[in-house]
Every structure is written in C-alpha cells, then in structure tokens.
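**Student:** Okay, sequence plus prediction incoming.
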2 protein chains.
Amino acid sequence: MRLQQTQLKGPSRIPSDPIQRAWIALGRVSQLVQCDVDNALKEAGLPELTWYTVLWELERAGKPTRPKDLAIPLFILPYQLSRLVDRMEKDGLLKRIECKEDKRGHLLELTPKGFTMRKQMWTVYAPAMDEALKRISDPEALELARLLNKLGGLEYPVQPKG
Amino acid sequence: MRLQQTQLKGPSRIPSDPIQRAWIALGRVSQLVQCDVDNALKEAGLPELTWYTVLWELERAGKPTRPKDLAIPLFILPYQLSRLVDRMEKDGLLKRIECKEDKRGHLLELTPKGFTMRKQMWTVYAPAMDEALKRISDPEALELARLLNKLGGLEYPVQPKG
DNA sequence: CTGTGTTTGTTGCAAACGCAACGAAATCTC
DNA sequence: GAGATTTCGTTGCGTTTGCAACAAACACAG
C-alpha cells in the first residue's frame, strides 16, 4: 500500500459519527471479501488476484504494453510491478520484449500460457466474487458502487469480466 | 490478509454487472482511502494503523487482555499478532504480563507510553480520515456503512473514536 | 554536441509476511 | 490419573515488501 492522492488539507476536522462508521465498515468489509476471494484462488492452487489484474489488463490492451501504462490503472508502484513481472515472467505467463521506441523500458507481452491462466483463474474468481457479495441485491450493489465511486472521486470502471 | 469466512458454496454463478461494479469499486476505493490515511501517519512519523487498533482495543478493554481476545475483533491471525506485539513491546507501548488463569498465554497491558501514543496518533488519524472521506455527506456515509455491513454480514461497529 | 534535468525501470537491503511445524498448558476421555 | 486431543501462542524459514539509491535512455537548453 503506497500511492498518493490529492491532499487539499482542509480545516482538519474530527470525523462525524457517520463518517467514522463508514470508515470502519469500509476497512473491515473490504478486508473480509478480499480475503474470501484470495482464499478461493489459493485453495485452487492459483496465483493471487494481482496476477489476474495484470493478465487481464494486458489482454484488454490487445498488444504488448509498457509497464508504466499498467502501473497507473493497477494502482501499483513501479518497483512493485517490476518484481511482479519478474515472478510472472519466471512462470511463463508473460515476457519482456524489446521496445524500439524507448530503450529505457520494454514491452510486456502476454504469452499463450498467460492467456490460458487468466481464463482458468476467472473460473474460480467469478464464483468467489459472486459468493462474497451475495448478501446484497443488484440494485443495492449499484448504489454501493455509486457511493464508493463518489467517495473515491473515481469513475474509471475497470471490469474484471472475462 | 488471511482469515476465513462462511463458505456455503452456492451454485457458482457468474457475478452480475452490478455485482462486478461493486466489487471493483470496493477494491479500488478502499485501497485509495486506506492509502491516504496510512500516508498521513507515515508522514507524521507515526506507526501504522494496525498499531492504533491494538492500542485502542486495549484501552477500550480497560484491563490487560489476552491476545486471542484481541485477534478476533482485529481480524488478524495469531502469528501476526504475536509478531506485532513483539514490535510494540520493543517500542514500549505495551507489555506482556503473566496470566495466572492460563499459563499458556499472557496478558497484554497498555503502558502509559502506549496510551499517549494512541492519543497522538488520533490527532493525525482523525483529520486524515475526515479528509479521505470528505467527498460524501453524512447521510451518504450512513447509507454506505449500512450497505457495507449488510454486504459483510456484520453488525459489530467498532469505533476508532478517541 | 554538451551539460542538465526528467522519465522509466531495477535492485540492495532490512523489515515484514505466510505457512507449517512446534511446545506447553489446558481439557477431555476412559 | 494416564493418555489423547484441543487451545494458545511462538518461531524457523523462505518469500515478499518498502524504501531509497541507482543506471540508462530520453528531452531539452545553450
């Protein structure tokens, strides 16, 4: 966890009770559901969720992609991605290929094995996600997503869909 | 991230679009606001949030407490707590004292330094939380908390308040 | 072209983590 | 009470993380 965000430094208030409740719920519930899905993947002997997001982002791009162009949407830091790519490359899920336009870096290219792996992960990921969120209805899910996105100041709706 | 949760193994459905949107938003936004608060503490040269939760839980209890009684509300595993306590004890924020009723374990006792530290962290934590969540109103925060707690199947409203 | 600053990505090191194995006390069973 | 089982907490070990320092390619000013 690193990353930075706009720091407007307001008048430094104490959070209201509703804000505190939202904060607590956000922390606990996100940890809980994250855990559920992580465990499902682990029990299936598959890599963790971060790997999926990299594979999916590469697949969505449809072409070899620069690490810096992955780091932003993935919310991860360069050095984290660097080592993540090390491991994924060692597992043969992607490979670093030359980038002729900019010799500082390289391009990340999905391998067939990487493509297969992403699909296989989805067969576990999807039901696990559905299971973890099954306590709320579709309309509630939409309202939740709306509130969260407003809270985070995000619109960017990256889909895990596969 | 570990912990387990009820695994009812439903019919293994693909998550609906609203569920997927909620899932994505939850992951991204929780990471974002968590990050904001973590950074605020780090910039102030203070320990991370987990330390606060331990200190606060001990303070709330009002008496020396067994590790196992902390681990559950804190959502952390025994071995994680064990090493966390190692570090906090080394920093003099709490100490392990004998437990006469059960010689396997011990009691964790908050030190004056630990008490002071928790208060000092709150002076940074509170404004950071308020800042991180300032994009939503109080009614929205309540609705968000309600949806999240429903989603997680939780009621348990632990307060960070200090 | 030369020097200065920026962008892109990697790496050495110390700290922290996850897991599985462990020891010791409590508890249960006969 | 002897022996098996469970609970509570710790630890060895290999992996992963965060941070700060770094190298190399680019960009740009003169």
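**Tutor:** Arrived safely, thanks for sending. Numbering: from 1, shown residues only, chains lettered A, B, ... in the order given.
**Student:** how about the helices of chain A, start to end?
**Tutor:** Along chain A, the segments classed as helices by DSSP state H run A:17-43, A:49-61, A:67-74, A:78-90, A:112-132, A:138-152.
**Student:** Can you report how many residues lie near the nearest residue to A:Asp69 once chain neighbours are set aside?
**Tutor:** Of all residues not flanking A:Asp69 in the chain, A:Ala61 sits nearest, at 7.8 Å (Cβ to Cβ, 6 or more residues apart in numbering or on different chains). All C-beta spots, glycine's among them, are computed from the backbone N, C-alpha and C. Per other Cβ atoms under 10 Å in any protein chain shown, the neighbour tally for A:Ala61 reads 15.
**Student:** Which pLDDT does the model give A:Ala61?
**Tutor:** According to the prediction, A:Ala61 has pLDDT 96.
**Student:** could you dump the helices of chain A to CSV with distance to B:Ala25?
**Tutor:** Shown next, in CSV, are the helices of chain A (distance: least, Cβ to Cβ, whole Å):
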stretch, distance to B:Ala25
helix A:17-43, 10
helix A:49-61, 15
helix A:67-74, 14
helix A:78-90, 22
helix A:112-132, 13
helix A:138-152, 4
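**Student:** Looking at those, spot the one closest to B:Trp56.
**Tutor:** helix A:17-43 (11.4 Å; Cβ to Cβ).
**Student:** Mind giving me the packing neighbours of the closest one?
**Tutor:** helix A:49-61, helix A:112-132, helix B:17-43, helix B:112-132, helix B:138-152 (3 or more Cβ pairs under 8 Å, 6 or more residues apart in numbering or on different chains; DSSP states H and E).
**Student:** who are the neighbours of the second one, in terms of helices and strands?
**Tutor:** Secondary-structure packing of helix A:112-132 (3+ Cβ pairs under 8 Å, 6+ apart): helix A:17-43, helix A:49-61, helix B:17-43.
**Student:** Identify each buried residue in the shortest one, please.
**Tutor:** It stands for helix A:49-61. Using 16 or more other Cβ atoms under 10 Å in any protein chain shown as the burial criterion, the residues of helix A:49-61 that qualify are A:49, A:51-58.
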